[in-house]
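Q: Model the structure of this input:
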Amino acid sequence: MKSKLMRKQQVFAWTCIVPAFLFFVFIFFIPIFTSIYGSFCNWNALNGIMKFTGLENYERALKDSLIGKTLFNTLYLTFFAVLFKTVLGFLVAYAESKARLFQKSFRLTFFMPTICSMVATAFVFRFLFQAESGTINAYLSTLGIYGPGWLQSTAWAMPTVIIYTIWKDFGYVFLIFSPVFKEYHRMLRKRQRLTGPQVLIA
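A: A predicted model of the protein is given here:
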């Protein structure tokens, strides 16, 4: 009887695992390895012909005068985007754990940009941050502040991309911290019931 139940559980487990595994293989792993292989090739995207050239592309990139600036911009974007979306996700998860009402709506609102396609979120973000008719600059003008050019400005383009990255991706961090805070508050309430009201809930 146990062996039959275990077989059913194994079949159910594989039924759940295999589709997810195939999804990651075809959506993530294959494109990643194709891109890595393509970096060693002379690749014509129009006809799909890939001619292996070894390290020629990397040699050309290292000799490019813009390689230093490119690496700096990449590190700059990565550092500040990861830092602020981690902090923001932490704070939003804490606020959501303290909310008594509309928790599901709260969670959906902040996670919506993460589950939407990048094309859709980029279109919305561009509408918000347009230099002349964007919503952000329109709001700033009501406060007597002349808004910057955002993506059209060399000084503000990188901060704007960082803001977009934070807005698009901090939902993942929020989902990681949210159950942690909920479990933390649950344990504190349980401890309060056992030891008395002198224990303060954070």
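
Q: Any stretches of the protein with poor pLDDT?
A: 1-2, 100-101, 196-202 (pLDDT under 70).

Q: buried residues in the longest helix belonging to it?
A: If you go by DSSP state H, the chain has its longest helix at helix 157-195. Residues of helix 157-195 classed as buried: 160-171, 173-174, 177-178, 181 (neighbour count, 16 or more other C-beta atoms under 10 Å). C-beta: built from backbone N, CA, C; applies to glycine.

Q: Check which helices and strands it is in contact with.
A: helix 67-98, helix 103-115, helix 118-128 (3 or more C-beta pairs under 8 Å, 6 or more residues apart in numbering; DSSP states H and E).

Q: For Leu5, which of these is the nearest?
A: Among those, the nearest to Leu5 by C-beta to C-beta is helix 103-115 (34.8 Å).

Q: returning to that earlier point: switch the helices and strands packed on helix 157-195 over to a markdown table; also include distance to Phe29 and mean neighbour count.
A: Below are the helices and strands packed on helix 157-195 laid out as a markdown table (distance: least, C-beta to C-beta, whole Å; neighbours: other C-beta atoms under 10 Å):
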| stretch | distance to Phe29 | mean neighbour count |
| --- | --- | --- |
| helix 67-98 | 22 | 15 |
| helix 103-115 | 21 | 14 |
| helix 118-128 | 19 | 14 |
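
Q: Name the residue closest to the centre of this protein, please.
A: Asp169 (2.2 Å; C-alpha atoms, centre = their mean).

Q: quick one, what contacts it?
A: Residues counted as contacts of Asp169 (C-beta atoms under 8 Å, 6 or more residues apart in numbering) are 81, 85, 114.

Q: one more time with 10 Å, if that's ok
A: Residues near Asp169 by C-beta atoms under 10 Å, 6 or more residues apart in numbering: 81-82, 85, 88-89, 113-114.
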